[in-house]
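Participant: Next input, structure requested:
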Amino acid sequence: MGAVLRNLFSHNKMNIKKANLLLLFAAFVWGSGFVGNAWVLGAGFSPLQLIAVRMIIASACLCMFFRKNIRTISKKEIAAGALLGILLLLGFIFQTYALLHITASVNAFVTSVYVILTPFIRRVIIKEKLDYFANIGAGLTIVGIGLISLDGGFGMSIGVILTLICAVFYALQTVFTDKYTKIYSPINLTIVMITFNAIFATLASVIIYDTPQMSGGVFLSLLYLGFVCTFAAYLAQNIGQKYTTAVNAAIIMSMESVFGTILAVIILGDSLSGQMILGMSIVFVAIIVAETKLEFIKKKTNSEANPKEDIHNGEG
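Facilitator: The predicted model follows:
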């Protein structure tokens, strides 16, 4: 199993198509994670306990399958991975506590606002210039979130506020992930990031909460959340983001909210009004506009105008 995973995530065998598939896999399983989180919380687990078990499972898998990498982790990778771990843990905490107050479908789409926040945070941290696409995306997001959160007397509840705070930390984590995976080993960073979360979430949950009761169904859900949604998905993201374009990554990762909402409606029976669907659609369009700058439309137009040139500039 370890050899298979190391072969799958081998840097020497990575290409843009495989990277895009890894990101699509991550987007889908993260979308399914909203359903799993809601189910486990409904079974009596606290948010911190859920996070702790997820991270323990993921950390154990990373250390087992990539144990050779542990000896190669540098002090700079530990520092970078710890920073990513702090941001990810804070995002997880706010997101999971929000699920106590809102449905998984709303949680999924409001979380996706991190994609809109990312260019603004890049502007603050790395002084990257903003363009009007980011501003358009931000404006559309405000409208979309308003439609989602103000539906049917829902109001700007504590759940939506907590999820928006979560989105800020996820945006920060995305910016620093993009920075550090270009410098350090994505696998080493993932090992440090997830192990950091496992240690601190476990300490916090042990201090604050009693040991929860665990049925067979809850155990299988936690195993899925830890192995697939955390270990495999974050490994796929950190590696996939390194080998694909920013536009590809933005489009693919934005599908997380769509997958999460569809699965929440099918599995959990979440209900969506017409106003909420409109709001979610506007948020999704905002993500595509802000992150891709509609370059995929420009490329298609150029391809149709200069077919021979497009063929010449293909692979290789």
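Participant: contacts and neighbour counts: CA atoms only from here.
Facilitator: Noted.
Participant: Name the residues of stretch 207-226 that come out as buried.
Facilitator: Across stretch 207-226, burial judged by 16 or more other Cα atoms under 10 Å covers 218, 221-226.
Participant: Oops, could you answer that again for stretch 44-52 instead?
Facilitator: 45-52.
Participant: pLDDT below threshold where in the stretch 101-250 of the chain?
Facilitator: 130, 148-156, 209-213, 246-247, 250 (pLDDT under 70).
Participant: Cross the buried residues of stretch 207-226 against helices and list the overlap.
Facilitator: Among the buried residues of stretch 207-226, the ones falling in helices (DSSP state H) are 218, 221-226.
Participant: export the residues you listed to a markdown table and tack on distance to residue 17?
Facilitator: Listed next are those as a markdown table, based on distance: Cα to Cα, whole Å:
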| residue | distance to residue 17 |
| --- | --- |
| 218 | 35 |
| 221 | 30 |
| 222 | 30 |
| 223 | 29 |
| 224 | 26 |
| 225 | 26 |
| 226 | 26 |
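Participant: hang on, the earlier thing: now, among the buried residues of stretch 44-52, which is nearest to residue 277?
Facilitator: residue 47 (27.3 Å; Cα to Cα).
Participant: Could I get the contacting residues of the closest one?
Facilitator: 41, 93, 96-97 (Cα atoms under 8 Å, 6 or more residues apart in numbering).
Participant: Can you tell me which of those residues has the most neighbours?
Facilitator: residue 96 (26 neighbours; other Cα atoms under 10 Å).
Participant: what about the residue nearest to it when sequence neighbours are not counted, distance to residue 59?
Facilitator: Nearest residue to residue 96 in three dimensions, chain neighbours excluded: residue 47, at 5.5 Å (Cα to Cα, 6 or more residues apart in numbering). As for residue 47, its distance to residue 59 is 18 Å (criterion: Cα to Cα, to the nearest Å).
Participant: what does residue 38 give?
Facilitator: As for residue 38, its distance to residue 59 is 22 Å (criterion: Cα to Cα).
Participant: of the two, who's got more company?
Facilitator: residue 59 (25 against 21).
Participant: What count of nearby residues applies to the nearest residue to residue 19 once chain neighbours are set aside?
Facilitator: Leaving aside its sequence neighbours, residue 19 sits nearest to residue 240 (Cα to Cα, 6+ apart; 4.1 Å). Residues lying near residue 240 (other Cα under 10 Å) number 27.
Participant: what's the helix or strand residue 240 falls within in contact with?
Facilitator: Element membership of residue 240, judged by DSSP states H and E, is helix 233-243. Residues from elsewhere that reach helix 233-243, judged by Cα under 8 Å, 6+ apart: 9, 14-16, 18-23, 25-27, 29-30, 177-178, 181-182, 186-187, 190, 249.
Participant: Check the contacts of residue 47 and tell me the two furthest apart.
Facilitator: Farthest apart among those - using Cα to Cα - are 41 and 93, which lie 12.7 Å from each other.
Participant: who touches residue 69 in this structure?
Facilitator: Shown in contact with residue 69 (Cα under 8 Å, 6+ apart): 187-188.
Participant: So what does it look like in phi/psi?
Facilitator: phi -70, psi -30 (degrees, to the nearest 10).
Participant: can you pull the pLDDT of it?
Facilitator: For residue 69, the model assigns a pLDDT of 91.
Participant: With residue 259 instead?
Facilitator: Note for residue 259: predicted pLDDT of 87.
Participant: could you measure it against residue 284, distance?
Facilitator: Taking Cα to Cα, one finds residue 259 at 12 Å from residue 284.
Participant: Neighbour count: those two, which is higher?
Facilitator: More crowded of residue 259 and residue 284, by other Cα under 10 Å: residue 284, with 25 against 21.
Participant: Roughly how far does that one sit from residue 183?
Facilitator: Distance from residue 284 to residue 183, by Cα to Cα: 31 Å.
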